[in-house]
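K.L.:
Return a 3D structure for these sequence lines:
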Amino acid sequence: MLRMRRKHSSQRLALAPLDSLGREIQKVLELIKPIRELDGFAYDGYCGAASEAYLHLAGGRDAGLKVMRKANGDGSNHWWLHGAAGVIDLTLSPADRRKLKAGTVKGFAYEDGEGAMFRTGYKRPSQRASAIIELVKQQRLAS
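P.N.:
Residues are numbered from 1 along each chain as shown. So this is what the prediction gives:
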């Protein structure tokens, strides 16, 4: 089981490379037509459902991923996964990742997050995550 220690805020956690499953989920999010705010990342608002869908599609408990959450200042939460390759944040499009790398936008303080779990745990995905999972499976059949 992956364990995270609380890090000093100056130690930034690295983003994992966007893998094929992450790209499949983001392709589905494009079909859903996310509402984009001018100052937000491409898939803001889908962090929880997308992370939960990724967790279930990756194998659930056996995937070796830790669910993470951090409260935003507006009462909402940001959700992501942490694995051996680093932080899996599905709200970041490839363009967002390039901006982060170039330093033109500020990154999220993943190191300040805490371990969490989705409401339905490992047993079954939520309705929003289930919809994403079903669309990923349909996309796989179509290709």
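K.L.:
Flag the shaky bits of the chain, pLDDT-wise.
P.N.:
1-10, 34-39 (pLDDT under 70).
K.L.:
quick one: the strands in it?
P.N.:
66-71, 77-83, 86-88, 114-115 (DSSP state E).
K.L.:
Of the ones you listed, which is nearest Lys123?
P.N.:
Minimum separation from Lys123 across those (CB to CB) falls at strand 66-71, 13.9 Å. In short, each C-beta sits where N, CA and C put it, glycine included.
K.L.:
tell me, how many neighbours does Tyr46 end up with?
P.N.:
The number of residues packed near Tyr46 is 24, by other CB atoms under 10 Å.
K.L.:
which ones are touching it?
P.N.:
Residues near Tyr46 by CB atoms under 8 Å, 6 or more residues apart in numbering: Leu29, Ile32, Pro34, Leu90, Thr91.
K.L.:
right, and out of the residues you listed, which lies closest to Gly107?
P.N.:
Nearest to Gly107 among the contacts of Tyr46, with distances taken as CB to CB, is Thr91, at 11.6 Å.
K.L.:
Pull up the gap between the closest one and Lys123, please.
P.N.:
25 Å (CB to CB, to the nearest Å).
K.L.:
Those two - which one has more neighbours?
P.N.:
Taking Thr91 and Lys123 together and counting by other CB under 10 Å, Thr91 has the greater number of neighbours (23 against 9).
K.L.:
Many thanks, we can stop here.
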